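1. Dropping the sequence and predicted coords here.
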Amino acid sequence: MDRLANTVRPYAWGSTTALPELLGVEPTGAPQAELWMGAHPGAPSRVDRGAGPVSLAEVIAADPEGELGADSVRAFGPHLPFLLKLLAAGSPLSLQVHPDRTQAQEGFADEERRSIPVDAPHRNYKDPHHKPELLCALTPFEGLCGFRRPAETAALLEGLDVAALKPYADVLRAAPEEDALREVLTAILSADRAATTETVSQVAAAARRAGTDATGPFADAYAACAAIAEHYPGDPGVIAALLLNHVRLAPGEALFLGAGIPHAYLSGLGVELMANSDNVLRCGLTPKHVDVPELLRVVRFQARDAGVLRPEARGSTGEATPEEVYPTPIDEFRLSRYVLGHGAGPAAPMAADPVPLDARTPQILLCAAGHALLRDQAGEELRLAPGESAFVRAGERVALSGAGTVFRATVAPRPADA
């Protein structure tokens with residue numbers, strides 16, 4: 001087991017206080033958006049096995065089967081298949097979607113054939129992999145996830161009483177669901193920018209007024225729209241955001257974002273686990289490149305509920321266990337949570353019964369509150385404070401105890417591991 005030294009990504013939308021508060025350090029005054037834990041080439045974690053700090057990506061590359069296990073290498077290649085993050089949103093992230101496997105492979109191959117540099121700002125596909133992701137709230141968390149039912153969105157738009165929105169509401173009421181959502185999103189993203197700027201201004205003013213009526217069915221969505229417009233004045237993504245479900249997560253609740261589902265995170269601190277990919281197609285709320293035709297090819301125009309997930313207690317053979325699993329329909333990762341002992345301070349008592357964490361695949365353990373203690377078979381111990389994490393190579397047997405909350409990221413188990 002290795003303590004991870006991780007990199008903070010200072011994206012402009014990041015909170016200036018959330019990560020420092022969790023880590024118990026002084027804020028720098030600059031945004032601190034994400035803390036990456038894993039072996040992604042953009043910001044790999046570092047480990048020290050006695051010869052000084054070295055990239056976890058280099059450690060894995062030197063012995064893929066030893067670090068990841070034969071099962072993971074056979075299924076996903078000689079790379080850690082997931083990336084764990086702490087995400088701290090101080091302002092809205094871009095409205096975006098992720099491709100499925102086939103779309104990512106085709107898009108990556110096409111851009112490679114056209115010799116588009118992988119770091120070019122107009123490049124869509126950084127790698128040939130899909131990017132499903134799971135976001136679990138640590139604090140109250142606000143976001144947008146999936147298309148709302150067209151009739152409900154039509155009522156929401158009509159409630160703003162903005163003339164430029166009436167054609168969209170009419171289409172949403174009259175056309176079949178998929179056709180309606182496609183036509184309206186295409187119209188929003190393809191409209192004249194000067195006209196869109198004026199419409200966004202009118203929408204923001206109307207949303208501010210409508211959001212003050214706490215009894216209205218769309219009060220939260222209107223308030224979120226007004227807040228988004230303050231950060232992105234004139235951006236067509238402000239209007240596109242009105243098509244999506246507005247959701248508030250309580251701590252411990254989660255969202256799963258599969259391929260083609262438009263979404264945006266608005267505010268809050270959470271644990272994010274995803275396939276180890278960097279493929280993002282943006283719809284708006286960003287100064288970055290928006291490729292409308294490719295975006296429309298990837299988006300799935302299907303209305304859905306936001307799909308809030310809650311952890312499910314699960315034992316490996318039906319026995320009682322403190323592990324709670326967030327169910328997701330993909331293989332690259334599994335996120336679970338352990339709430340151990342009582343109290344959260346460093347003097348709080350350890351859990352009476354250490355929990356064995358055996359796996360044929362790699363694990364990353366993140367302490368989110370309180371403290372945690374890992375002990376291996378040789379008796380070596382590693383103590384984790386909030387925001388600290390550890391990598392456990394495949395096949396290593398460790399025991400977890402402590403008093404607090406620990407998140408465990410690993411590869412989804414095969415039947416023999418379940």
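-> That came through fine.
2. Sort out which residues of the host helix or strand of Lys166 are buried, please.
-> Assigned by DSSP states H and E, Lys166 belongs to helix 166-174. For helix 166-174, the neighbour count (16 or more other C-beta atoms under 10 Å) marks Tyr168, Ala169, Val171, Leu172 as buried. Bear in mind the C-beta positions are built from the backbone N, C-alpha and C, glycine included.
3. Ok, stretch 374-387 next?
-> Under 16+ other C-beta under 10 Å, the buried positions of stretch 374-387 are Leu374, Arg375, Leu382, Leu384, Pro386, Gly387.
4. Any chance of a markdown table for these, columns pLDDT and distance to Pro99?
-> Output for the buried residues of stretch 374-387, formatted as a markdown table (pLDDT from 0 to 100; distance: C-beta to C-beta, whole Å):
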| residue | pLDDT | distance to Pro99 |
| --- | --- | --- |
| Leu374 | 96 | 36 |
| Arg375 | 95 | 41 |
| Leu382 | 96 | 37 |
| Leu384 | 97 | 35 |
| Pro386 | 97 | 34 |
| Gly387 | 97 | 31 |
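5. now, the most widely separated pair of the residues you listed?
-> Using C-beta to C-beta, the pair of those lying farthest apart is Arg375 and Gly387, separated by 20.6 Å.
6. Is it possible to get JSON lines of the buried residues of helix 166-174 that adds pLDDT and distance to Asn124?
-> Formatted as JSON lines, those follow (pLDDT from 0 to 100; distance: C-beta to C-beta, whole Å):
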{"residue": "Tyr168", "pLDDT": "98", "distance to Asn124": "26"}
{"residue": "Ala169", "pLDDT": "98", "distance to Asn124": "31"}
{"residue": "Val171", "pLDDT": "98", "distance to Asn124": "27"}
{"residue": "Leu172", "pLDDT": "98", "distance to Asn124": "28"}
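7. Show me which pair in these is furthest apart.
-> Ala169 and Val171 (7.4 Å).
8. which one of the buried residues of helix 166-174 sits closest to Gly66?
-> Gly66 has its nearest neighbour among the buried residues of helix 166-174 in Leu172, at 54.7 Å by C-beta to C-beta.
9. Look up how far Leu243 lies from the closest one.
-> From Leu172 across to Leu243, the span is 9 Å (C-beta to C-beta, to the nearest Å).
10. okay, and the common contacts of the two?
-> Counting by C-beta atoms under 8 Å, 6 or more residues apart in numbering, the residues touching both Leu172 and Leu243 are Thr153, Leu181, Val184.
11. Which residue ranges make up each domain of the protein?
-> As assigned by automatic domain parsing, the chain contains the domains 141-298, 323-410.
12. Lowest mean pLDDT across those domains, which one is that?
-> When the domains of the chain are compared on mean pLDDT, domain 323-410 scores lowest, with a mean of 87.
13. now do the same end-to-end measure for it.
-> Distance between the two ends of domain 323-410: 13 Å, counting by C-alpha to C-alpha, to the nearest Å.
14. With stretch 142-162 instead?
-> Using C-alpha to C-alpha, the two ends of stretch 142-162 sit 25 Å apart.
15. what does stretch 7-14 give?
-> 14 Å.
16. neighbouring contacts of the top helix by length along the chain?
-> Longest helix of the chain, by residue count under DSSP state H: helix 193-210. With C-beta under 8 Å, 6+ apart as the contact definition, helix 193-210 has outside contacts at 159-162, 164-165, 188, 191, 216, 218-219, 222-223, 225-226, 229-230, 233-236, 238-239, 242.
17. In helices, which of these appear?
-> Short answer: those in helices (DSSP H) are Gly159, Leu160, Ile188, Ala219, Tyr222, Ala223, Cys225, Ala226, Ala229, Glu230, Val238, Ile239.
18. Pick out the most distant pair among the residues you listed.
-> Within these, Ile188 and Ala219 form the most distant pair, 22.5 Å apart (C-beta to C-beta).
19. Show me which of those two is the more surrounded one.
-> Neighbour count, other C-beta atoms under 10 Å: between Ile188 and Ala219, Ile188 has more, with 23 against 16.
20. List the contacts of the more buried one.
-> Taking C-beta under 8 Å, 6+ apart as the contact definition, Ile188 lies against Tyr168, Thr196, Pro236, Ile239, Ala240.
21. ok, Glu177 to Ala240 distance?
-> 17 Å.
22. Check Asn279 too.
-> Here the distance between Asn279 and Ala240 works out to 20 Å (C-beta to C-beta).
23. if you count what's nearby, which of these two comes out ahead?
-> Neighbours of Asn279 and Ala240, each counted by other C-beta under 10 Å, are more numerous for Asn279; the result is 23 against 20.
24. Neighbours of Phe141, how many?
-> So Phe141, with other C-beta under 10 Å, has 24 neighbours.
25. how deep is the residue nearest to Ala313 when sequence neighbours are not counted tucked in, by neighbour count?
-> Nearest non-adjacent residue to Ala313, counting by C-beta to C-beta, 6 or more residues apart in numbering: Glu324, 5.4 Å away. Neighbourhood size, Glu324 [other C-beta under 10 Å]: 17.
26. pretty sure Glu324 is in a helix, no?
-> No - remark: Glu324 does not belong to a helix; assigned using DSSP: H, G, I helix; E, B strand; the rest coil, it is strand.
27. what's near enough to touch it?
-> Neighbour list for Glu324: Pro311, Glu312, Ala313, Arg314, Ser336, Arg337, Tyr338, Val339 [criterion: C-beta under 8 Å, 6+ apart].
28. Just among those residues, which is most surrounded?
-> Neighbour tally across the contacts of Glu324 (other C-beta under 10 Å): the maximum, 24 neighbours, falls on Tyr338.
29. Give me the three-state assignment for that one.
-> Secondary structure, three-state DSSP: Tyr338 is strand.
30. okay if I get the domains of the chain as JSON lines plus distance to Gly77?
-> Listed next are the domains of the chain as JSON lines, based on distance: least, C-beta to C-beta, whole Å:
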{"stretch": "domain 141-298", "distance to Gly77": "10"}
{"stretch": "domain 323-410", "distance to Gly77": "11"}
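31. Looking at the ones you listed, which is nearest to Ala75?
-> Taking C-beta to C-beta, domain 323-410 is the member of the domains of the chain nearest to Ala75, at 6.6 Å.
32. and that closest one, how far from the chain's centre?
-> Computed by C-alpha atoms, centre = their mean, to the nearest Å, the chain-centroid distance of domain 323-410 equals 20 Å.
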